[in-house]
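In: Prediction below, plus the sequence it came from.
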Amino acid sequence: MYLEDRQRELTEAMDTQGLWPADSPWVRRAILDTVPRHDFAPDQLWAWNGRDQYVPVDRGRDPDRWADHVYAGPEDSAITQIMDGLPSSSLSCVAVVADMLDSLMLEPGHRVLEVGTGAGWNAGLLAARAGAGKVTSVEVDAELADTARARLTAAGFDVAVHTGDGNAGWPAAAPYDRVIATYAVDDVPWTWIEQTRPGGRLVVPWGRLGHVALTVADDGKSATGWVQGLGMFMPSRGTDQGREYHAIRGDGPPDRTVRVERDLRPLADVHLFFALRVSHPDIRITTEDRGEGVTVGLHDGVSSWATATTDQTGTVAAYEGGPRHLLAEVDAGRRHWEERGSPGLWDFGMTVAPDGQHVWSGTADAGPYMP
């Protein structure tokens, strides 16, 4: 009963916040009825202890807490695997799953490639729409692939689950009408586009922030499309995620005090935030509203960091360490965004070709969005 209560609460939250896609009513039905999320959740989940590590949440020992994690808020994922102390697989948050499935424009009968099977839940959702024998899913982790295959079979879904490198796709079953990735890539593999028919569609999480929907050109020589949202996904296995802020910052004094001429509170604006992710992809930005002011943290994952606190009057106290002047770099990115007319998140798009990719703003013919 508690599990059903938590499922209902999540459903109501999605309803209240208007997060179910109006153009894809099948998504709501599949998530609520056809492919229950808890059927694909392992008996052991993982939760941050608030201090220094992830700890197990066992269904057998504490079923209510387990259900809390399976059916947390619309924007909350459920961590299903830990490797080297960090999350390596999860049940993605319901809001982003729904948004990405809507962006995929999936129709019955479409042949689908999913890269990153994970627990198998998303593959089940795809199969519920596309039909039996239409979904091919690739998972790099053999144990995860075996478990997902068993779960999908038990749930009555005919999905071909293969163990392999998702970045290579699965050419044996190509061409596909749709391709969807459940892990983030900085560079969209050209193999995914090669394995998609002209006119086919791909939905891909991009780097640390955002997902894009691309349509393959009629000649198959490029794929172009728009940013769809701000979903955040784990990177592909083996990706160097760099050092965390606290490791770079250390305990010593800052290298320098920095004079900041402009109020930093606009950095919390989602549109500017995304634009900076495009123009300065290696700078990681966090903002925290403390009520009486906003604290901004920056680091490059290597050796440079910055922190700045803005009070309600706009006064800023800022400090930096390392060789780079990150606050100045971010301000240059902000000025570039302003000079370009302050484009919104959904004004950005991406074009991928065999020789690389670029992100643009406004139109695909505008050229790369670079400062």
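Out: It's in.

In: can you tell me which residues contact the residue nearest the centre of the chain?
Out: With distances taken as CA atoms, centre = their mean, M232 lies nearest the centre of the chain, 2.5 Å away. By CB atoms under 8 Å, 6 or more residues apart in numbering, the contact list for M232 reads 96, 184, 205, 208-209. C-betas here are computed from N, CA, C, even on glycine.

In: can you rerun that using 10 Å?
Out: M232 sits next to 75, 77, 92-93, 96, 184, 205, 207-211 when contact means CB atoms under 10 Å, 6 or more residues apart in numbering.

In: ditto for R284
Out: For R284, the contacting residues are 208-209, 242, 244-245, 277, 297-301, 305, 326, by CB under 10 Å, 6+ apart.

In: What of H280?
Out: H280 makes contacts with 298, 300, 326, 329-330, 332-334, 336, 371, as judged by CB under 10 Å, 6+ apart.

In: Flag every buried residue along the longest strand along the chain.
Out: Ordering each strand of the chain by length in residues (DSSP state E) puts strand 196-205 first. For strand 196-205, burial by neighbour count (16 or more other CB atoms under 10 Å) applies to 196, 200-205.

In: Which of those sits closest to V316?
Out: Of all those, V316 sits closest to P205, with 33.1 Å by CB to CB.

In: For the residue nearest to the centre of the chain, give its distance to Q44.
Out: Distance of M232 to Q44, computed by CB to CB, to the nearest Å: 23 Å.

In: go on, S222?
Out: Distance of S222 to Q44, computed by CB to CB: 44 Å.

In: Kindly report the same for P74.
Out: Separation of P74 from Q44 (CB to CB): 23 Å.

In: what about these two, which has more around it?
Out: P74 (19 against 15; other CB atoms under 10 Å).

In: Quick check, pLDDT for that one.
Out: Looking at P74, its pLDDT stands at 95.

In: quick one: contacts for the residue lying closest to A78 once chain neighbours are set aside?
Out: Once flanking residues are discounted, A78 sits nearest to L91: 4.2 Å by CB to CB, 6 or more residues apart in numbering. By CB under 10 Å, 6+ apart, the residues touching L91 are 37-38, 40-42, 45, 69-72, 76-80, 97, 118-122.

In: make it 6 Å
Out: Contacts for L91 (CB atoms under 6 Å, 6 or more residues apart in numbering) come out as 78, 119, 121.

In: Please flag which of those residues sit within strands.
Out: Short answer: those in strands (DSSP E) are A78.

In: Please spell out the PyMOL selection for the buried subset of the contacts of L91.
Out: Remark: buried members of the contacts of L91, expressed as a PyMOL selection using 16+ other CB under 10 Å:
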select buried, resi 78+119+121
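
In: C93 and R151, how far apart?
Out: 19 Å.

In: So for these two, which sits in the more crowded spot?
Out: Neighbour totals were compared for C93 and R151, and R151 leads with 22 against 19 (other CB under 10 Å).

In: Which ChimeraX command selects the buried ones in the contacts of M232?
Out: Selection of buried members from those for ChimeraX, criterion 16+ other CB under 10 Å:
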select :77,92,93,96,184,205,207,209,210,211
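
In: Including distance to G341 and secondary structure, could the contacts of M232 go into a markdown table?
Out: Supplementary listing: the contacts of M232 in a markdown table, determined by distance: CB to CB, whole Å; DSSP: H, G, I helix; E, B strand; the rest coil:
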| residue | distance to G341 | secondary structure |
| --- | --- | --- |
| E75 | 29 | coil |
| S77 | 34 | coil |
| S92 | 33 | coil |
| C93 | 32 | coil |
| V96 | 28 | helix |
| A184 | 28 | strand |
| P205 | 27 | strand |
| G207 | 23 | coil |
| R208 | 25 | coil |
| L209 | 21 | coil |
| G210 | 19 | coil |
| H211 | 24 | strand |
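
In: Show me which of the contacts of M232 is closest to V55.
Out: Distance to V55, by CB to CB, is smallest for S77 among the contacts of M232, at 16.3 Å.

In: Quick check: the closest one touching S89?
Out: No. Taking contacts as CB atoms under 6 Å, S77 lies outside contact range of S89: 9.9 Å.

In: for the stretch 251-371 of the chain, what are the low-confidence residue spans?
Out: In the predicted model of the stretch 251-371 of the chain, no residue satisfies pLDDT under 70.
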